[in-house]
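Engineer: I'll drop the sequence and a predicted model, then ask my questions.
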Amino acid sequence: MLPASIQITGELLSAAEVQDICESLKEDGVRLLSVRGCQLSDRDFGRFCRSVAESRSLAQLNLNLGVVSSISRTRHLADALKTNRSLQTLFLHGTPLLDAGLVALNPALSTHPSLVCLDLGDCMLGEEALALICGMLPPDGAKSGLRELTLSANPRISSKGWARFAIAVAHSSQLRVLNLDYNPLGDQIAAMLAVAVASSRTLEVLDLEGTGLTNQSAQVFLDMVENYPTSLRVLVLAENDISPELQQQISDLLSEGEEEDNREVPPPQGGHAPSSALQPIREKHQPLTWLPHSNSRPTMVMLTSGLGESLLAETEM
């Protein structure tokens, strides 16, 4: 049987429903699993994590919006990730991890052999956590690292922490997508990030929506894309105090660079979808709230597919 997709949103899961999920995981019948905003008992969460550890097919796991609601659950998840070898994408957006939670997760995250996409947005992270995340962005030749990282809405991180992070981004050998939206960065940190972007040979997408930037930052980015070679293709500057004209100039220059690259690169062979088609839709910043729970049975979407990697493009139903 081909691996399936299980997607459940905002439901109270019974022991029987968790058991069904666990059996599918153990049988290697699940490739994408999302229990976003769901509630389950601590005992069932432990069973769930043990099944994640045993799965050899699971590629994407979405636990957004408070599913990992305590340090004990964080440790259960860490234990699962130490054993699991298949997971490529992990979403923990809106999880109250704090620094202690990331300390517990870090040994598993930093050594996982397949993990390339990580969402830690709105996780109440601080300096200690960000220092650990820098270690997940190794410099050239060190080891494989994250290709996509989301750190949206973590306002506890100081300017000193972001400066250290910018250095790690500059030297990362893998990072392609970086989402920092809704952090109070300001122009000074944005300037450091511009230097990091100019230094990086891989970063293609940078989201700085709602980060307290002004025309000063936009002018720095404009000068960078106008005068220096860069891999950057998308720069999000919405919800900042930046003139529409400057945003349009930057967008136009980035579009020109992408068109030139497309002319140089031959079309993919064998009908494979471009990598952008595999990017899942992520959470945008909003206050953390439990989704309403209905009295009906949860909507469990089971989709068998022969599309291979394109299954990772599935989003919440």
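Structural biologist: Done, it's in.
Engineer: every contact and neighbour count from this point should use C-alpha atoms.
Structural biologist: Fine.
Engineer: would you map the helices across the stretch 101-250 of the chain?
Structural biologist: 127-134, 159-171, 186-199, 215-227, 244-264 (DSSP state H, counting those that start in this stretch).
Engineer: among the ones you listed, which comes closest to I8?
Structural biologist: Nearest of these to I8, taken as CA to CA: helix 127-134 at 28.8 Å.
Engineer: mean pLDDT and mean neighbour count for the helices of the stretch 101-250 of the chain - can I get that in a markdown table?
Structural biologist: Below are the helices of the stretch 101-250 of the chain laid out as a markdown table (pLDDT from 0 to 100; neighbours: other CA atoms under 10 Å):
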| stretch | mean pLDDT | mean neighbour count |
| --- | --- | --- |
| helix 127-134 | 96 | 18 |
| helix 159-171 | 95 | 19 |
| helix 186-199 | 96 | 20 |
| helix 215-227 | 96 | 18 |
| helix 244-264 | 79 | 14 |
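Engineer: take those and lay them out in CSV including distance to L109.
Structural biologist: Below are these laid out as CSV (distance: least, CA to CA, whole Å):
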stretch, distance to L109
helix 127-134, 9
helix 159-171, 17
helix 186-199, 23
helix 215-227, 32
helix 244-264, 32
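Engineer: compare the ones you listed and give me the one nearest S14.
Structural biologist: The nearest among these, by CA to CA, is helix 127-134 at 33.3 Å.
Engineer: the closest one - contacts with which helices or strands?
Structural biologist: Judged by 3 or more CA pairs under 8 Å, 6 or more residues apart in numbering; DSSP states H and E, the packing partners of helix 127-134 are helix 98-111, helix 159-171.
Engineer: one step back: for L61, find the nearest of the helices of the stretch 101-250 of the chain.
Structural biologist: Among those, the nearest to L61 by CA to CA is helix 127-134 (19.1 Å).
Engineer: export the closest one to CSV, keeping only CA atoms.
Structural biologist: Presented in CSV, the C-alpha positions along helix 127-134 are these (Å, rounded to 0.1, in the frame of the first residue of the first chain):
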residue,chain,number,x,y,z
GLU,A,127,18.8,33.7,23.4
GLU,A,128,19.7,30.2,24.4
ALA,A,129,17.4,28.7,21.9
LEU,A,130,18.6,30.8,19.1
ALA,A,131,22.2,29.9,19.8
LEU,A,132,21.2,26.2,19.4
ILE,A,133,19.4,27.0,16.1
CYS,A,134,22.6,28.6,14.8
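Engineer: what residue lies at the spatial centre of this structure?
Structural biologist: D119 (3.0 Å; CA atoms, centre = their mean).
Engineer: isn't that one up against L90?
Structural biologist: Yes: look at D119 against L90 with CA atoms under 8 Å: they come within range, at 6.4 Å.
Engineer: returning to what we had before: list the contacts for the residue nearest to the centre of the chain?
Structural biologist: The contact partners of D119, taken as CA atoms under 8 Å, 6 or more residues apart in numbering, are 90-93, 149-151.
Engineer: the same query, at a cut-off of 10 Å, please.
Structural biologist: 62-64, 89-94, 148-152, 178-179, 282-283 (CA atoms under 10 Å, 6 or more residues apart in numbering).
Engineer: picking that back up, can you put the helices and strands packed on helix 127-134 in CSV and add distance to D42?
Structural biologist: Listed next are the helices and strands packed on helix 127-134 as CSV, based on distance: least, CA to CA, whole Å:
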stretch, distance to D42
helix 98-111, 16
helix 159-171, 34
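Engineer: between those helices, which gets nearest to V18?
Structural biologist: helix 98-111 (22.9 Å).
Engineer: now that closest one: how far from the chain's centre is it?
Structural biologist: 15 Å (CA atoms, centre = their mean, to the nearest Å).
Engineer: show me which positions of that helix end up buried.
Structural biologist: 98-99, 101-106, 108-110 (16 or more other CA atoms under 10 Å).
Engineer: quick one: K26 from L90, how far?
Structural biologist: For K26, the distance to L90 equals 19 Å [CA to CA, to the nearest Å].
Engineer: and if you look at S251?
Structural biologist: Here S251 is placed at a distance of 30 Å from L90 (CA to CA).
Engineer: go on, D20?
Structural biologist: In terms of CA to CA, D20 sits 21 Å off from L90.
Engineer: for V103, same thing?
Structural biologist: 16 Å.
Engineer: same check on E128?
Structural biologist: Distance from E128 to L90, by CA to CA: 20 Å.
Engineer: same check on S173?
Structural biologist: From S173 to L90 the distance is 20 Å (CA to CA).
Engineer: the more surrounded of the two?
Structural biologist: The neighbour count for S173 versus L90, taken as other CA atoms under 10 Å, is higher for S173 (23 against 20).
Engineer: the more buried one touches L203, doesn't it?
Structural biologist: Yes: counting by CA atoms under 10 Å, S173 does reach L203; the two are 9.2 Å apart.
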